[in-house]
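In: Only the shape, not the letters, is given here:
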């Protein structure tokens, strides 16, 4: 349906605005497939899908400010639902959650104000793309560091850095009732 609508607009000579999505037949199947793969990868890596989909939206031709807002909303939605899930399961410390929520709100407001000011003053949107790239680079480095640090700690304490084995060395003792 999206590619048919796009084709009708092209046939009528529709003047697309900068950043309008162009749902060609290729894009109509390629981007949903890439989004599904990005969602699976994001879930497997433990990062928000919005961070993975941000560059995909830019590749799709979306305006950088709209792509950043959409990506930010996805991150907010996923992290909020995850926090709520931990709250329901009783695994969320309310004082930590409120502290990080407050810090995140303040940092988000300051960051949004600064980026908005830079975009308005210089009339350039590459700031948004540059900040997305810096966030991706920083998160990649920090995840690698965290994984290596955790593996070294586990190794130093004589535990496997790969988690518990699927097949224990000792089979479980089965208790049999006497007849």
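Out: Perfect, I can see it now. Keep in mind it's a predicted model, so treat the numbers as computed, not measured. Residues are numbered from 1 along each chain as shown.
In: most residues in a single helix of this protein, which one?
Out: For the chain, the helix with the greatest residue count under DSSP state H is helix 126-156.
In: average pLDDT across that helix?
Out: For helix 126-156, mean pLDDT is 85.
In: now residue 82: how far from residue 51?
Out: With distances taken as CB to CB, to the nearest Å, residue 82 is found 14 Å from residue 51. Every C-beta, even on glycine, is put in place using the N, C-alpha and C of the backbone.
In: Name the residue in the two with the higher neighbour count.
Out: Per other CB atoms under 10 Å, whichever of residue 82 and residue 51 has more neighbours is residue 51, with 20 against 13.
In: Show the model's pLDDT score for the more buried one.
Out: 72.
In: Let me know the helix or strand that the spatially closest residue to it that is not a sequence neighbour is in.
Out: Residue nearest to residue 51 in three dimensions, not counting chain neighbours: residue 75, with 6.3 Å by CB to CB, 6 or more residues apart in numbering. Per DSSP states H and E: residue 75 is located in helix 64-88.
In: May I see the buried residues of the next helix or strand after that helix?
Out: Going down the chain from helix 64-88, the next helix or strand is helix 94-122, by DSSP H and E. Using 16 or more other CB atoms under 10 Å as the test for burial, helix 94-122 gives 115, 118, 119.
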